[in-house]
Structures are given as C-alpha cells and as structure tokens.
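*Asks:* Got a predicted model here, sequence first, then my questions.
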Amino acid sequence: MGKQLGRLVHKFMKRRRHIAEVNIKLCFPDMSAADQKDLVLKNMENTGIAMVETGMAWWWPQWRVESVYGSIKGLEHFERVQASGKGILLLVPHILHLEMASRVMGLKCQGLGFYRPHNNPLMEYFTTNGRLRSNEYLIGRKDVKSLLKSLKNKKVCYYLPDQDYGRNRCEFVPFYAVPDTATTTGTLMFAGSKNCETMSLISRRDENGKYHLEVVPELENFPSGDDKADVTRVNQRVELCINAAPEQYMWLHRRFKTRPDKNTPSFYKK
C-alpha cells in the first residue's frame, strides 16, 4: 500500500518530485539520467511507505515492532562512552523511516528526541505520544539547556544536522558533489559540551521489511575549533548513512536553497 501511495506522490506532487530530481542530479552528477530517474521513483515510493511506517511506529504494539527487527550493531560504543561518564550526541539524517528506526532502536536502547513542537495541538498530541513509544522523553528544539543537561546525565540524544536552516550559524561546505552547501554549526554547540561524544547512526530497511541499524563510533577530536572542517566531517557522516540506502533518504526537502551569494538563482526554479 505504501509503495502505491508513493507512486501517487510521484505523479501528483510535482513540486516535491522536482525538488527530489534537482537534489539527486546535484549530488550524483556521474549517475546516468536513467538511473537518476529510477532513484527519484524509488524515493517517491519510499515516501509513501514512510507514511505507513509512521503509523506503525506510533501505534504498533511491542511484539509487532520486534517482528520487523533485523539487527543493531555498535551498541557497545554507547556502553563504553556512558561508562566513562559521558552522554552521546547521535547524528541521524532525515531518513524517511526515521520514526520506525527510532522505535526499533528503542527495543534495545531508548534515547531522547530533540524535536520541533507542532503548532497544531492535535498533531502535537499524536506526535508526542507516538514518539514516546520509543524515546525516554522529548526535548523541544529551543530547550538547549535541557539537552545539555541530558548529555551530562549520560543520555543518548538524537540530533538531525542535515537540513538547510539558512545563513545564521552555518558554514558553506561540501555535501556530495555540491561544494558550498549551507550546513548548520548548531551541531558543534552541543558537541562542544565536555559531557558527550558525537556518534552517528546508519539505518536501512531491507527488501523483507526488516530494519538494520548501526552505530558508528565517535568522531575524534570533535569539535576541533575549525568550524568549517568540523561541519564537513558532519556532512561526511550524513553521506555515510545515506549511502546505505539512497532511496530511503528525504530528498524532497530543499537542501540547497541557501547559496553563498544571495543573488545566485535558485537551483529549484523551473
């Protein structure tokens, strides 16, 4: 059902399809036009699947989540760092099945969700209650003090560093084949806490519908004090995750909307 829903997205949500087409063309210029087109279609199909997965993540009972558990590698990295008295800032890109990945991770290790509260009270209710099925608790994205306190208390805190948040607190660094991608330096503010290490998460859904997660060990000497070099390393970690299943990444957002020169025409203008 999800795949069919995604094909409707591909057919009727032309603006979003165009954004995905532009992003994929920019990131993978060496990919043939036919392969780019195929990746866009698969990405739309996975977008439809993600709509179904969100319901699964928020409402499925535990036993059903366990039925789609594939594997989780690298939890020993959490244990090692927590044993040293530190928390973990876990970098997770905007993968389409993020809600389900979080629920699966919650089978073995509950983390904290750092999120943007909804303006719609009903959506906020569903989102909060759904995400608390897998997270120990949630922290609003403006509540920096609570996140830093949680890291001090040796918690695993999810952080998504891969959207274009504009010119404030950003560096223009490489992301795939785009050499000047606006990338937030907010990651460095949290990672700079003496009470944490910065790791990343790879997640993919296999052809049988099972989820496979892998914790990638901490970035060494991070942050180093060189913001441009540090956020470049963050983007490299994001790429590492995407490469596990490119069709399962959220290519529908305007990752390259902010350009170094304000007068540069938008990549997304038709």
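*Replies:* Happy to help now that I have it.
*Asks:* ok, and the closest non-adjacent residue to L98?
*Replies:* Distances taken as Cβ to Cβ, 6 or more residues apart in numbering place V92 nearest to L98, at 6.7 Å, with adjacent residues excluded. Placement of C-beta: from N, CA and C, glycine included.
*Asks:* That neighbour: neighbouring residues, count only.
*Replies:* Residues lying near V92 (other Cβ atoms under 10 Å) number 24.
*Asks:* what's the longest strand in the protein?
*Replies:* The residue-count maximum for a strand in the chain (DSSP state E) belongs to strand 196-205.
*Asks:* Send me it as CSV with only the CA atoms.
*Replies:* Extracted in CSV, the C-alpha atoms of strand 196-205 (Å, rounded to 0.1, in the frame of the first residue of the first chain):
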residue,chain,number,x,y,z
CYS,A,196,29.4,14.0,25.4
GLU,A,197,30.8,12.2,22.4
THR,A,198,29.4,12.6,18.9
MET,A,199,28.4,9.4,17.1
SER,A,200,26.2,8.8,14.1
LEU,A,201,23.5,6.2,13.1
ILE,A,202,23.2,4.3,9.9
SER,A,203,19.7,2.8,9.2
ARG,A,204,18.1,1.0,6.3
ARG,A,205,15.0,-1.1,5.7
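*Asks:* can you pull out the strands in the stretch 51-200 of the chain?
*Replies:* Remark: strands assigned in the stretch 51-200 of the chain by DSSP state E, counting those that start in this stretch are 69-73, 87-91, 111-115, 135-140, 156-159, 170-175, 178-184, 196-205.
*Asks:* wait, which of those strands is closest to L5?
*Replies:* Ranking the strands of the stretch 51-200 of the chain by proximity to L5 (Cβ to Cβ) places strand 196-205 first, at 15.7 Å.
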